[in-house]
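*Asks:* sequence unknown, structure follows:
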């Protein structure tokens, strides 16, 4: 990607941040309303926050009530990155699983870490991709989420999207420069992951894949062949010495 494309991309990102009121000034204003409490109190409120977002919500009105409760807890000093003892899950990760974009938005305005991981190295980005919450996924990416983070088995968010048939999230991650050549601990690439998702070539343009492809001239190829032959001759020579 050339410099002009990078500048255009960054300008677009900053415009989106202002649109969502997630720019530095808006975040600073929101954070200025948060009370300063001791660590013990902050964690206690953080646990309550986690438990609230983890509850089953069945209606839009109950989710509105949840948003009010979350704002109250945060402004009272709740630890927004509180981790549950069982799996190390945290509020933003729960929101990404459930698609609670409004609650995630509040957490993001409070300055939550978009790259936080649980005990299995799962990020909110991976969870949003797996469950098909494309708007939340885009929001995380705009705020600088690492789309190439790997969970404990080496899968990244792109692999998770393919495993669970999330085409729109898959396309978003490719546009966000997700590494198409990455392999997990089972030595699987994105092409080895089961699923029938399609690749939109217009999304792949300027992606990480293009950076790995280097055109070769005929002279380049001949030079590589010659180099390989020299190494083979050296190996044969070494073997003969050892067998004498």
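*Replies:* It's in. This structure is a prediction, so every number in the text was calculated from the model and none was measured.
*Asks:* can you map out the helices along this protein?
*Replies:* According to DSSP state H, the chain carries its helices in the segments 3-19, 24-31, 39-54, 60-75, 91-98, 101-109, 124-131, 134-142, 157-163, 167-175, 201-204, 208-212, 218-243.
*Asks:* Tell me, how many residues neighbour residue 115?
*Replies:* Neighbour count of residue 115, defined by other CB atoms under 10 Å: 14. Where C-beta positions appear, they are placed from N, C-alpha and C, glycine not excepted.
*Asks:* Name the nearest residue to it, ignoring sequence neighbours.
*Replies:* Among residues not flanking residue 115 along the chain, residue 146 sits closest, at 5.2 Å (CB to CB, 6 or more residues apart in numbering).
*Asks:* The one you found reaches residue 125, doesn't it?
*Replies:* Yes: counting by CB atoms under 8 Å, residue 146 touches residue 125, with 7.2 Å between them.
*Asks:* anything in contact with each of the two?
*Replies:* residue 115 (CB atoms under 8 Å, 6 or more residues apart in numbering).
*Asks:* Now tell me which helix or strand of the protein has the poorest mean pLDDT.
*Replies:* helix 208-212 (a mean of 36; mean pLDDT, DSSP states H and E).
*Asks:* Surely residue 78 touches residue 50?
*Replies:* No: assessed by CB under 8 Å, residue 78 is found out of contact with residue 50, at 9.0 Å.
*Asks:* Counting neighbours around each, name which of those two comes out higher.
*Replies:* residue 78 (27 against 22).
*Asks:* list the contacts for the closest residue to that one other than its chain neighbours?
*Replies:* Spatial nearest neighbour of residue 78, chain neighbours left out: residue 45 (3.5 Å); criterion: CB to CB, 6+ apart. Neighbouring residues of residue 45 by CB under 8 Å, 6+ apart: 37, 73, 76-79.
*Asks:* how does it look with 10 Å?
*Replies:* Residues counted as contacts of residue 45 (CB atoms under 10 Å, 6 or more residues apart in numbering) are 35, 37, 72-74, 76-80, 82.
*Asks:* Now tell me which of the helices of the chain the model trusts least on average.
*Replies:* Mean pLDDT is lowest for helix 208-212 out of the helices of the chain, coming in at a mean of 36.
*Asks:* circling back to that earlier point, so which of residue 146 and residue 125 has more stuff around it?
*Replies:* Between residue 146 and residue 125, counting by other CB under 10 Å, residue 125 is the more crowded of the two (30 against 16).
*Asks:* The closest residue to residue 77 other than its chain neighbours and residue 116: what is the separation?
*Replies:* Once flanking residues are discounted, residue 77 sits nearest to residue 37: 3.6 Å by CB to CB, 6+ apart. According to CB to CB, to the nearest Å, residue 37 and residue 116 sit 20 Å apart.
*Asks:* who has more neighbours, the two?
*Replies:* More crowded of residue 37 and residue 116, by other CB under 10 Å: residue 116, with 18 against 15.
*Asks:* residue contacts, the more buried one?
*Replies:* So residue 116 contacts 80-81, 83, 88-93, 122-124 (CB under 10 Å, 6+ apart).
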